[in-house]
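**Q** Build me a model:
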Amino acid sequence: MEKNFKQSSRSGAVAWLLQRISAVILFVLLLFHFLTYHFLTRGRSVDYQQVLERSQSWWFPLLQFAFLLTALYHGLNGVWSVLEDYTASRGWRLVWFSLLLTVGLALLFVGTLTIIKLYTLKVA
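**A** Numbering: from 1, shown residues only. Model prediction:
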């Protein structure tokens with residue numbers, strides 16, 4: 001297995017940096033999530049009605065979508081980095097990349113539909 005480490009180190013630097021940036025963004029969005037769902041509930045547990053009420057504002061679905069995008073990117077990029085390190089064959093890399101892309105797009109689709117559905121539901 002011959003690898004050109006100079007080439008791989010240059011191409012991996014951007015992915016490494018984006019992984020760190022997405023981790024910081026994910027941390028901030030996770031803090032927001034915990035604050036809005038768990039700490040600003042006035043001492044009671046969060047129920048479905050409260051989630052519906054919060055999701056009616058314009059900013060809440062946008063932050064949920066940002067959370068979804070960042071989590072998907074961060075998670076899939078991390079899995080891809082591990083798979084790339086341990087897979088020498090170009091063919092298998094293409095298979096893994098295609099699988100990760102398909103799973104990522106499917107999760108993005110389902111997550112986006114959930115956010116849209118919550119935003120369009122009317123609060124009773």
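**Q** CA atoms of the lowest-mean-pLDDT helix or strand in the chain as CSV?
**A** None of the helices or strands of the chain scores lower by mean pLDDT, DSSP states H and E than helix 48-55, at a mean of 75. The C-alpha coordinates for helix 48-55 follow below in CSV (Å, rounded to 0.1, in the frame of the first residue of the first chain):
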residue,chain,number,x,y,z
TYR,A,48,-45.3,18.4,22.8
GLN,A,49,-47.4,21.5,23.1
GLN,A,50,-44.5,23.6,24.3
VAL,A,51,-42.4,22.4,21.3
LEU,A,52,-45.2,23.3,19.0
GLU,A,53,-45.4,26.8,20.5
ARG,A,54,-41.7,27.4,20.2
SER,A,55,-41.6,26.1,16.6
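**Q** That one packs against which elements?
**A** helix 59-86, helix 90-120 (3 or more CB pairs under 8 Å, 6 or more residues apart in numbering; DSSP states H and E). For glycine as for every other residue, the C-beta is placed from the backbone atoms N, C-alpha and C.
**Q** Which positions in the shortest one come out as buried?
**A** Looking back up the chat, that one is helix 59-86. Using 16 or more other CB atoms under 10 Å as the test for burial, helix 59-86 gives 60-61, 64-65, 67-77, 80, 83-84.
**Q** if we can go back for a sec, can you redo the helices and strands packed on helix 48-55 as CSV with mean pLDDT?
**A** Converted to CSV, the helices and strands packed on helix 48-55 look like this (pLDDT from 0 to 100):
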stretch, mean pLDDT
helix 59-86, 92
helix 90-120, 93
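**Q** Can you tell me the centre-most residue of this structure?
**A** Taking CA atoms, centre = their mean, the centroid of the chain lies closest to residue 71, which sits 1.8 Å from it.
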